[in-house]
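Q: Dropping the sequence and predicted coords here.
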Amino acid sequence: MSEQLSKRIFAELESLVLIDPHTHINPHSAASTTLADIMGYHYYTELAHSAGLAKELIEEPGIDPKEKVGRLVTQLDDLDNTIQLSWLLDICSEFFDFQEDAITESNWEKLYDTAAEKMAQPDWEQQVLKQSGLEQVFLTNDFDDPLEGFDTKLYIPCLRTDDLVFHLVKSETRERLAKATQMDIGCAKTLRDAIGELFAHFTAKGARACAISLPPDFSPVAVTADQVDSTVRSLFAGNELTCEESKTVSQFVFWTLAEYCAVHRLPFDLMIGVNRRVYEAGVFQGQDLYDKRTSLILYKELFNAFPNVTFPVSVLTSTSNQELVSYSWIFPNVVINGHWWYSNTPAFIHFDCKSRLEAVPKTKQVGYYSDMYKLEFALPKFRMYRRVLANVLASDFVIGRNWSEQRAIDLGKLVLRGNVETIFGC
Amino acid sequence: MSEQLSKRIFAELESLVLIDPHTHINPHSAASTTLADIMGYHYYTELAHSAGLAKELIEEPGIDPKEKVGRLVTQLDDLDNTIQLSWLLDICSEFFDFQEDAITESNWEKLYDTAAEKMAQPDWEQQVLKQSGLEQVFLTNDFDDPLEGFDTKLYIPCLRTDDLVFHLVKSETRERLAKATQMDIGCAKTLRDAIGELFAHFTAKGARACAISLPPDFSPVAVTADQVDSTVRSLFAGNELTCEESKTVSQFVFWTLAEYCAVHRLPFDLMIGVNRRVYEAGVFQGQDLYDKRTSLILYKELFNAFPNVTFPVSVLTSTSNQELVSYSWIFPNVVINGHWWYSNTPAFIHFDCKSRLEAVPKTKQVGYYSDMYKLEFALPKFRMYRRVLANVLASDFVIGRNWSEQRAIDLGKLVLRGNVETIFGC
Amino acid sequence: MSEQLSKRIFAELESLVLIDPHTHINPHSAASTTLADIMGYHYYTELAHSAGLAKELIEEPGIDPKEKVGRLVTQLDDLDNTIQLSWLLDICSEFFDFQEDAITESNWEKLYDTAAEKMAQPDWEQQVLKQSGLEQVFLTNDFDDPLEGFDTKLYIPCLRTDDLVFHLVKSETRERLAKATQMDIGCAKTLRDAIGELFAHFTAKGARACAISLPPDFSPVAVTADQVDSTVRSLFAGNELTCEESKTVSQFVFWTLAEYCAVHRLPFDLMIGVNRRVYEAGVFQGQDLYDKRTSLILYKELFNAFPNVTFPVSVLTSTSNQELVSYSWIFPNVVINGHWWYSNTPAFIHFDCKSRLEAVPKTKQVGYYSDMYKLEFALPKFRMYRRVLANVLASDFVIGRNWSEQRAIDLGKLVLRGNVETIFGC
């Protein structure tokens, strides 16, 4: 009974057209052009490398896309148990009429060619959007992105701020900021004004969120322009900062971002917990890990200081999930956002989803975002989530709490789409 | 099959009359007088506030109870997914003949009036006790509670010691202690004697436990009267203490409590992990959160020093559950106590319950306590627990390990009631 | 349907003959001679003690084995819920024709005698190996073990290095090292050479792994012979070291072990997270617990420095499981190894197993090891794991992902045996 019920709920959830509230889509090249775009996704390159494929083979400069796919295919058998690989097979079956159980050395070339042919169709991007049920796609834009040349009603700009907070000590970042804002920055006040310019630019273009990923030991505290002014002057004069000074500048910029989010009523997406470049010999984007010893208590001052800023929070590990549940249960301005990265597999999603749906106001939960780099991934990733969600709705709500099927489906649709609209103002 | 089995076990567990080993009941006003007493429970005020209701509306001074309920009702739809709201509906259906799926702006007034009428019956308290299957109810008494004017065989006194350990630096606490003990306290020895007086008073009144809630960074260590004497003298002379001195006094008082627990053979309930006032603009009792980075290793010295004191331990988060399982598996004097606060929802209870029942001696587990402020909450909260417990007994013991149904039911009854009797000496 | 499916998969997994990649078997006395060998396993003595049996009764010097069993039996009823006790009953039913539900004061003597009779058969060891489906058994050998007098094709030597890393400050350890290597050790270089001798000896005898258990705060970093030379000279001259010096020597020895693992292409088993002697009044081997606040980030430098050393990693707690999943997903040289100690119960295994199978290349996962001290324990422990594994394969792969039964069984066999062969080179 429960299995049939879950399937019916899943079918209803599958029919829903979505807004994807966090992706890394390049709006100028949103869909893939070859299978290498899809199999070059870091999930596959890092897993293939982890299973034994040399980085040099995967990332050989100037390598032909087809050759690259061929090399990755040799390692796929070792990954065929992973949910990540099931996304790939789902894509191939859904978009490229691929009916086999596995991509092997004997069938991949035909698949590659079929895919290339499909992707060459002029309306491929529209086909993917339609087949995936995607109405709007949030982007992750560099702070100096001109946000031009694409439809900002379809591809929603979001201001990504990692560079500003953590890499302002690099002269390149400071130069990009000066160029983007056309401002002469030399002190804390002008730095703040320049950041204000970015917000003005982004919100004028319809940006719906400011976003940042944060290391596990980051602790935001209020730093005033006065406190940091001499350090900022020194930095923009080209001097090296000490670790401590650099940290203070990071905190000042971060706090300034929160202030502008308040001014512009922009949600501030916090993605908490990643350490960059832990495995430095890893493939591109396959080098980051974490220290699970982090806590949302580090954000106490921030959440208290900005009651009017909504913070959609993602956590990297399932061991942080209960904190996220509790903090969003207590703080009106903390909302739950998706299942991020290393927690984005069914076992973790299942447990995290159950605990969220039963304890946090239903209006404060964004169920899922795809985090994708290419459009083709929304379909299998959201499908994975919808399957878990349907199971939880069936077992915990319809069976466990005697809800009607329709009521459970409505709850599913709220966390899948309704809350994205209300929280991000779509 | 499994569903029917689980229902049969649940029915057996439901028939059991209970002793509730931890509540915040006021024995002079144990049951509710209006629906505002029930909906004023911090779970509802904090969730309604989290979902958007202003604190000023909820906590307006002098507000009429009916008006308060009406305001909370406007926010309930946003919480209808939560297990906390399901307790409320369970109460209304069980005690007030409420048959609707939801409490709405169009049906709440009738419900309010029906409830008020029922609650006005002179034997309402007895009705609730009987319908809930409650035989004894443990209290949480301030250290200066006279413990008079109520039936201490029904409402069991417990000495709550947070104020003594963490707030002795407040003159108000010291004055309350002096008044309660009629002693002239001015040094470590007289402080210890005064605490001894409290134990004498409480045990004479039939107290069954000493209890305290502790922040995640608290680390009990032995502090002798000699070591702390000058600091205590300074404190009682009215001087301000440094942070470090204040911490030492806390540790001294805590250690002294453990010593008296040993003398009086009183279990010492430790509720580990809460940070107070994290969200200071929150509603009453809706301001506390935590830092999950805590460990029972902080209690190593304590557990070793007092082999004859039983420590029923509650942990705030499910990420601490495995430590609790392991520590009670190894230390004879550490027993597992319930599912506390932010872990008191089915997803966490389910996982924690499974891992406890399969790895720790069955005699060392107190399954559940309600933590309630008003009597009406025992029924839905214990029911939620009994449902989870029945599921675990059915799947893991009857199906998974071929136990007879009766044997599984007996295990359930042991953790629900038998162990409360043996551990607390009821 | 799902239950039948799971049973069919379980039956297939049960038929597989195994290599047990981590045990504490003494190859000169691998099987038990009385039930006291079995019930003297620390899981039973520590649980009986935890439930109330005095250590003095359990560990009375010179106690007769039968008397010891009789004493433990008095406490068994309190443990009958535990999975650990189910292993014992499984052993008794499988090997000693015991058909009762429980070992009680009225039936244990007959059981004891039957067991003694069986164990007295000259081929008992072979019977157990055969009935348990064991082809090879990895050992845990002291560094000065001569590795003689047993069949090293059946009982595979492994170099255990806790003493070298953490107890070199004890003169006894240094004397054992000098004696085992017949070397005159007095400086960092000769210490390194001596360790090299141990590797030469062990690998000549067919050792398949170097292994160590590590406390939660251990952080391996590169320490060169030059940096530590004067401290090593001081130590071997008989001087006391400071804490800091002692720690540096530990790090030097640890790093040296990793270097020799690289030279000899020997996997380096890391068992991360245990604090020794937390409960000092506990029974033998029943004194260790942990601090869950640890992270694999502490091993960042190690994993990066030795890309050619395979590190099979075990973690003590399920709260570390996600890190293990993520680190083995990213680092080619980090593989997942079993379910260790306090995580070796079905609730934790189930969750950990699901999350591993769905996210990490299938070739990088060693499903299980028994950690046993006596041969009879492989059967019930592996059976517990195989039951969980069969459930996960049935629900997540056959039902959840439409795999054929055979494909799911093949995955199970790979993590149960195939990967042991490829990772340890059996």
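A: Okay, I see it. Numbers count the residues shown, from 1 in each chain, chains lettered A, B, ... in the order given.
Q: Which neighbouring elements make contact with the helix ranked longest in chain A?
A: Longest helix in chain A by number of residues, with DSSP state H as the criterion: helix A:243-264. Helices and strands touching helix A:243-264, as assessed by 3 or more C-beta pairs under 8 Å, 6 or more residues apart in numbering or on different chains; DSSP states H and E, comprise helix A:162-166, helix A:188-204, strand A:209-214, helix A:225-236, strand A:268-272, helix A:300-305. Where C-beta positions appear, they are placed from N, C-alpha and C, glycine not excepted.
Q: Could you check the angle it makes with helix A:225-236?
A: Taking axes from the mean of the first three to the mean of the last three C-alpha atoms, to 10 degrees, helix A:243-264 and helix A:225-236 form an angle of 120 degrees between their directions.
Q: Export helix A:243-264 to PDB, keeping only CA atoms.
A: The C-alpha trace of helix A:243-264 is given here as PDB (Å, rounded to 0.1, in the frame of the first residue of the first chain):
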ATOM      1  CA  CYS A 243      46.200  37.000   9.100                       C
ATOM      2  CA  GLU A 244      44.400  38.800  11.800                       C
ATOM      3  CA  GLU A 245      43.900  42.000   9.700                       C
ATOM      4  CA  SER A 246      42.800  39.900   6.800                       C
ATOM      5  CA  LYS A 247      40.200  38.200   9.000                       C
ATOM      6  CA  THR A 248      38.900  41.600  10.200                       C
ATOM      7  CA  VAL A 249      38.500  42.900   6.600                       C
ATOM      8  CA  SER A 250      36.600  39.700   5.800                       C
ATOM      9  CA  GLN A 251      34.300  40.300   8.700                       C
ATOM     10  CA  PHE A 252      33.800  43.900   7.800                       C
ATOM     11  CA  VAL A 253      32.900  43.100   4.200                       C
ATOM     12  CA  PHE A 254      30.600  40.300   5.300                       C
ATOM     13  CA  TRP A 255      28.800  42.500   7.800                       C
ATOM     14  CA  THR A 256      28.500  45.200   5.100                       C
ATOM     15  CA  LEU A 257      26.800  42.700   2.800                       C
ATOM     16  CA  ALA A 258      24.200  41.900   5.400                       C
ATOM     17  CA  GLU A 259      23.600  45.600   5.900                       C
ATOM     18  CA  TYR A 260      22.900  46.000   2.100                       C
ATOM     19  CA  CYS A 261      20.700  42.900   2.100                       C
ATOM     20  CA  ALA A 262      18.600  44.700   4.800                       C
ATOM     21  CA  VAL A 263      18.500  47.900   2.700                       C
ATOM     22  CA  HIS A 264      17.500  46.000  -0.500                       C
END
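Q: Show me which positions of that helix end up buried.
A: For helix A:243-264, a neighbour-count test (16 or more other C-beta atoms under 10 Å in any protein chain shown) marks A:245-246, A:248-261, A:264 as buried.
Q: Which positions within stretch A:412-426 qualify as buried?
A: Residues of stretch A:412-426 classed as buried: A:412-420, A:423-424, A:426 (neighbour count, 16+ other C-beta under 10 Å).
Q: same question, stretch A:292-308
A: Under 16+ other C-beta under 10 Å, the buried positions of stretch A:292-308 are A:292, A:294-300, A:302-303, A:306.
Q: give me the subset of those touching chain B.
A: A:294-297, A:300, A:303 (C-beta under 8 Å from any C-beta of the partner chain).
Q: neighbours around residue A:131, how many?
A: When neighbours are counted by other C-beta atoms under 10 Å in any protein chain shown, residue A:131 registers 14.
Q: same deal with residue A:39?
A: Burial of residue A:39 is recorded as 25 neighbouring residues (other C-beta under 10 Å).
Q: list the contacts for it?
A: A:45, A:68-69, A:72, A:88 (C-beta atoms under 8 Å, 6 or more residues apart in numbering or on different chains).
Q: And for residue A:376?
A: With C-beta under 8 Å, 6+ apart, residue A:376 has these contacts: A:31-32, A:38, A:91, A:95, A:128, A:132.
Q: Nearest residue to the middle of chain A?
A: By C-alpha atoms, centre = their mean, the mean C-alpha position of chain A lies nearest to residue A:371, the distance being 3.6 Å.
Q: Assign that one to one of the three secondary structure states.
A: At residue A:371 the chain is in coil, as set by DSSP: H, G, I helix; E, B strand; the rest coil.
Q: same thing with residue A:25?
A: When states are read from three-state DSSP, the local structure at residue A:25 comes out as coil.
Q: Touching, it and residue A:372? I think so.
A: Yes - in this structure, residue A:25 sits in contact with residue A:372. The criterion is C-beta atoms under 8 Å, and the distance is 6.6 Å.
Q: Tell me which residues are up against the longest helix of chain A.
A: Helix A:243-264 is contacted by residues A:161, A:164-166, A:168-169, A:188, A:191-192, A:195-196, A:199, A:203, A:210, A:212, A:218-225, A:227-228, A:231-232, A:234-235, A:241, A:266-268, A:302, A:305-306, A:308-309 when judged by C-beta under 8 Å, 6+ apart.
Q: Kindly provide the distance from residue A:72 to chain C.
A: Distance, residue A:72 to chain C, by C-beta to the nearest C-beta, to the nearest Å: 13 Å.
Q: Kindly report the same for residue A:68.
A: Applying C-beta to the nearest C-beta, one obtains 19 Å for the distance of residue A:68 from chain C.
Q: quick revisit: mind checking which of the contacts of helix A:243-264 are buried?
A: The neighbour-count test (16+ other C-beta under 10 Å) marks A:161, A:164-166, A:168, A:188, A:191-192, A:195-196, A:199, A:203, A:210, A:212, A:218-220, A:223, A:225, A:228, A:231-232, A:235, A:241, A:266-268, A:302, A:306, A:309 as buried among the contacts of helix A:243-264.
Q: what's the neighbour count on residue A:339?
A: Residue A:339 has 28 neighbours, counted by other C-beta under 10 Å.
Q: so which strand or helix has it?
A: In this assignment (DSSP states H and E), residue A:339 forms part of neither any helix nor any strand.
Q: Now the terminal residues of stretch A:38-52, how far apart.
A: The distance separating the two terminal residues of stretch A:38-52, taken as C-alpha to C-alpha, to the nearest Å, comes to 20 Å.
Q: Tell me which of the helices and strands packed on helix A:243-264 approaches residue C:140 most closely.
A: strand A:268-272 (39.8 Å; C-beta to C-beta).
Q: how about the residue lying closest to residue A:285 once chain neighbours are set aside, what does it touch?
A: Nearest residue to residue A:285, sequence neighbours excluded (C-beta to C-beta, 6 or more residues apart in numbering or on different chains): residue A:42, at 3.7 Å. Taking C-beta under 8 Å, 6+ apart, we find residue A:42 in contact with A:283-286.
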